[in-house]
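Chemist: what follows is a predicted structure for the sequence shown.
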Amino acid sequence: MAAQKRWRFAMVCSSNMNRSMEAHAVLGRAALDVQSYGTGSQVKLPGPSMHEPNVYDFGTPYGGIYEDLRRKDPDLYKRNGLLPMLKRNIGVKLAPQRWQDNAGDGVFDMILTFEERVFDLVVEDMNNREPRLFKSVLIINMDVKDNHEEASVGAKLALDLCQKLEGVHDDWEEIIDDLIAAFEKQHKRKLTYYTSFY
């Protein structure tokens, strides 16, 4: 009997801070092969007001961001959940990574995004890459609000979806419509999906 195929997953949100990192942490604890990214031009986190966000470059270590926010206003950033979120992130990987700069990270079997705008950017990026391997990649969007509670719910749903995909023994392209429809019915979530190529 042939060994079951291991899928390689990418979790993508805007800043690689909340939704993609919660999913990365949950899938990692379940021993799935997972990486995470953001699609924004910079990492943006809430600041003291809507007009004063905290902005960092991708690649700035989570630990450095944590120390910066702790120095600025520890009470505010603990209360709004940013410091605990960054502590979680520090335990998952070194720094936020940008999707558009990830070509050297290899090939993924499935890319899961958490908002339509991010999905569109990932699809656009994949379509702008010249296919060399002609290996298909499944890109799925599941809208998840960008707050700590919804990120936690979204990560559990992401795990369920990824485990269902990894359990597929046949060619996923043959059964993806039925798998997505069953997931949508079970979880009452609408998914959008697209196939691209490496």
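Modeler: Now that the structure is in, tell me what you want to look at.

Chemist: so where's the protein uncertain?
Modeler: Counting by pLDDT under 70, the chain contains low-confidence ranges at 1-4.

Chemist: all the helices of the protein, in order from the start?
Modeler: Counting by DSSP state H, the segments of the chain that form helices are 19-29, 62-72, 74-79, 82-90, 116-128, 148-166, 172-187.

Chemist: out of the ones you listed, deepest packed?
Modeler: Per residue and on average, the most neighbours among those fall to helix 19-29, with a mean of 24 (mean count of other C-beta atoms under 10 Å). Any C-beta I mention is one placed from the backbone N, CA and C, and that applies to glycine too.

Chemist: now for it, which elements pack on it?
Modeler: strand 8-13, strand 33-38, helix 82-90, helix 148-166 (3 or more C-beta pairs under 8 Å, 6 or more residues apart in numbering; DSSP states H and E).

Chemist: so which residues make contact with the first one?
Modeler: It refers to strand 8-13. Residues outside strand 8-13 that contact it (C-beta atoms under 8 Å, 6 or more residues apart in numbering): 19-21, 23-24, 27, 32-39, 99, 102, 106-115, 118, 122, 146, 158, 162.

Chemist: can the helices of the chain go into JSON lines with extra columns for distance to Met142?
Modeler: Output for these, formatted as JSON lines (distance: least, C-beta to C-beta, whole Å):
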{"stretch": "helix 19-29", "distance to Met142": "10"}
{"stretch": "helix 62-72", "distance to Met142": "24"}
{"stretch": "helix 74-79", "distance to Met142": "28"}
{"stretch": "helix 82-90", "distance to Met142": "20"}
{"stretch": "helix 116-128", "distance to Met142": "9"}
{"stretch": "helix 148-166", "distance to Met142": "6"}
{"stretch": "helix 172-187", "distance to Met142": "9"}
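
Chemist: of those, which is nearest Val43?
Modeler: Shortest separation from Val43 across the helices of the chain is recorded for helix 62-72, at 7.6 Å, computed as C-beta to C-beta.
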